[in-house]
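A.B. asks: Below are the sequence and a predicted model for it; my questions follow.
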There are 2 protein chains.
Amino acid sequence: MSTSPDLSQLTLGVLGGTGPQGRGVAYRWALGGLSLVIGSRDAERAEQAAAALRSRSGSHRVRGADNAGCAAAADLVLVAVPFDGHATLLELLREPLAGKIVIDCVNPLGFDNRGPYALAVPEGSAAQQAAALLPESRVTAAFHHVSAVLLDDPEVTSLDTDVLVLGDDREATDLVRALADAVPGLRGIYGGRLRNAAQVEALTANLIAINKRYHAHAGIRITDV
Amino acid sequence: MSTSPDLSQLTLGVLGGTGPQGRGVAYRWALGGLSLVIGSRDAERAEQAAAALRSRSGSHRVRGADNAGCAAAADLVLVAVPFDGHATLLELLREPLAGKIVIDCVNPLGFDNRGPYALAVPEGSAAQQAAALLPESRVTAAFHHVSAVLLDDPEVTSLDTDVLVLGDDREATDLVRALADAVPGLRGIYGGRLRNAAQVEALTANLIAINKRYHAHAGIRITDV
């Protein structure tokens, strides 16, 4: 994948596409004219979300399906479900996701009266859990730090965040970087191997603390790159 | 500490001030005319490093001491020792560090043939280990991501990195932010409670991976703040 991949030929699935992060990324990809399948537990809710996205983005290349249908139809999926349903969902999708690139953007966080904190994940991180459950897929981790609020706001025409893309498969991380670059203002940066995903996921807790202190929608940029 | 603290009245200790990270931060603080005590296991090596810093920075406010002398003389210390000597050193310094602000910048990382990775720390992070060993000190975590190479390079007149400052004591984190702001190009940003330090420390592994891939000295900036 040394040349720019033709993203317009891909069908992108968004598992958990009715939640804030999945919906936000899907909106940006739809604005870019990419072909999308919005996945949800409930096919009808998925189709409603897809209809809303078609209307908001002006793209007709968005449809809905239940998560299994989404996984089967897509060439590549973004996993954007809450962490507490993450393992259960992926176990069911091992077959339809075999051979495909999976982008995990799940942040395993807890919240108490002192704010957010990182949850311990037996596999090390949500992304490594995905890799363990999907041994035949090409699992990457990305899109953790992009504010769902800003993604979803039509008045924000350019985001201001780098997307750290982690994974052990160069062709896969290059393609995922291109999917970040396809969104105005985002920049996909290779961020290391999958075994270094835990801290990238957990850093979202720090960004939430920053948002609270500074009344911001914080993102990160990597300097000198 | 709602008004700007007068940093020039403080004596700053740098434990492990002869290592690359400690030496680099000390150089920048010396350039800013701040009063410094360079700590090292060996008092003579510390004085040699202090003499070199006086010469390089043009400041006469730099002296050396063994680590215990450094802790005793300083109003505030930066802990910049390798992680494998971290607990042993801090255990010995509980008394001289009592009541003082401690800035931990230690990154518990391992390296193998696949590159860097985060080490598991029983207390959760190096900073939390410091807090457990120094119950009477005001422990913060900061300065993890500033490139030692750039800090030490006299031709780099302005760094390009935010310094995430973590801690549970607002006055302490505000002072540490001011110590970051005192270095041209750095900006101190509150980054959350100490319990969220592990991922900030571990993110250094990702920055090392980025440096390798992009031939860079990567830092991070927080956007929308």
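C.D. replies: Right, received. Where do you want to start?

A.B. asks: give me every residue that touches the residue located most distally from the centre of chain A.
C.D. replies: Taking Cα atoms, centre = their mean, the residue of chain A most remote from its mean C-alpha position is A:Asn113, at 27.6 Å. By Cβ atoms under 8 Å, 6 or more residues apart in numbering or on different chains, A:Asn113 lies in contact with nothing. No exception for glycine: its C-beta is placed from N, CA and C like everyone else's.

A.B. asks: Please apply the same query to A:Ala80.
C.D. replies: A:Ala80 neighbours (Cβ under 8 Å, 6+ apart): A:14-17, A:19, A:21-22, A:25, A:105-106, A:143.

A.B. asks: pLDDT value on A:Met1, please?
C.D. replies: Here the pLDDT value assigned to A:Met1 is 44.

A.B. asks: Distance of A:Gly69 relative to B:Lys212?
C.D. replies: Distance, A:Gly69 to B:Lys212, using Cβ to Cβ, to the nearest Å: 40 Å.

A.B. asks: circling back to that earlier point, angles on the backbone of the residue farthest from the centre of chain A, please.
C.D. replies: When read as degrees, to the nearest 10, the backbone of A:Asn113 gives phi -70, psi -10.

A.B. asks: Settle it for me: which of A:Gly69 and B:Lys212 has more neighbours?
C.D. replies: Taking other Cβ atoms under 10 Å in any protein chain shown, A:Gly69 and B:Lys212 do not tie; A:Gly69 has more neighbours (18 against 14).

A.B. asks: Test my guess that that one contacts A:Arg41.
C.D. replies: No: between A:Gly69 and A:Arg41 there is no contact under Cβ atoms under 8 Å: 11.3 Å.

A.B. asks: Extract the residue ranges of chain A that are flagged as low pLDDT.
C.D. replies: For chain A, the stretches with pLDDT under 70 are A:1-4.

A.B. asks: mind listing the strands for it?
C.D. replies: Assigned by DSSP state E, the strands in chain A fall at A:11-15, A:35-40, A:62-66, A:76-79, A:101-104, A:109-112, A:115-118, A:138-141, A:161-167, A:186-192, A:219-223.

A.B. asks: Which positions in chain A make contact with chain B?
C.D. replies: Contact residues (Cβ under 8 Å from any Cβ of the partner chain) of chain A with chain B: A:114-118, A:147, A:160-161, A:164, A:166, A:189-193, A:195-196, A:198-203, A:205-207, A:209-210, A:213-214, A:216-225.

A.B. asks: need the helices for chain A, in chain order.
C.D. replies: Secondary structure of chain A by DSSP state H: the helices cover A:20-31, A:43-57, A:67-73, A:86-92, A:126-133, A:148-152, A:170-181, A:198-214.

A.B. asks: what's the angle between the first one and strand A:62-66?
C.D. replies: If I follow you right, that is helix A:20-31. Using axes from the mean of the first three to the mean of the last three Cα atoms, to 10 degrees, the inter-axis angle of helix A:20-31 relative to strand A:62-66 is 150 degrees.

A.B. asks: Can you spell out which helices and strands pack onto helix A:20-31?
C.D. replies: If contacts are counted by 3 or more Cβ pairs under 8 Å, 6 or more residues apart in numbering or on different chains; DSSP states H and E, helix A:20-31 sits against strand A:11-15, strand A:35-40, helix A:43-57, strand A:76-79, helix A:148-152.

A.B. asks: Then the second one?
C.D. replies: Using 3+ Cβ pairs under 8 Å, 6+ apart as the contact criterion, the elements in contact with helix A:43-57 are helix A:20-31, strand A:35-40, strand A:62-66.

A.B. asks: Please convert these to CSV, extending it with mean neighbour count.
C.D. replies: Compiled in CSV, the helices and strands packed on helix A:43-57 are given as follows (neighbours: other Cβ atoms under 10 Å in any protein chain shown):
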stretch, mean neighbour count
helix A:20-31, 23
strand A:35-40, 28
strand A:62-66, 22
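
A.B. asks: among these, which is nearest B:Leu89?
C.D. replies: Closest to B:Leu89 of the helices and strands packed on helix A:43-57 is helix A:20-31 (Cβ to Cβ; 42.0 Å).

A.B. asks: can I assume A:Ile103 is in contact with A:Val79?
C.D. replies: Yes: using Cβ under 8 Å, A:Ile103 is in contact with A:Val79, at 6.7 Å.

A.B. asks: So for the two, which residue has more residues nearby?
C.D. replies: Between A:Ile103 and A:Val79, A:Ile103 has the larger neighbour count (other Cβ under 10 Å), namely 32 against 29.

A.B. asks: ok, now how distant is the more buried one from B:Ala71?
C.D. replies: To B:Ala71, A:Ile103 is 47 Å away according to Cβ to Cβ.

A.B. asks: now swap in A:Asp75 and tell me
C.D. replies: Counting by Cβ to Cβ - A:Asp75 and B:Ala71 are separated by 59 Å.

A.B. asks: higher neighbour count, these two?
C.D. replies: Set A:Asp75 next to B:Ala71 and count neighbours by other Cβ under 10 Å: B:Ala71 wins out with 27 against 15.

A.B. asks: How about the contacts made by the more buried one?
C.D. replies: B:Ala71 makes contacts with B:13, B:15, B:39, B:77, B:93, B:96-97, B:100, as judged by Cβ under 8 Å, 6+ apart.
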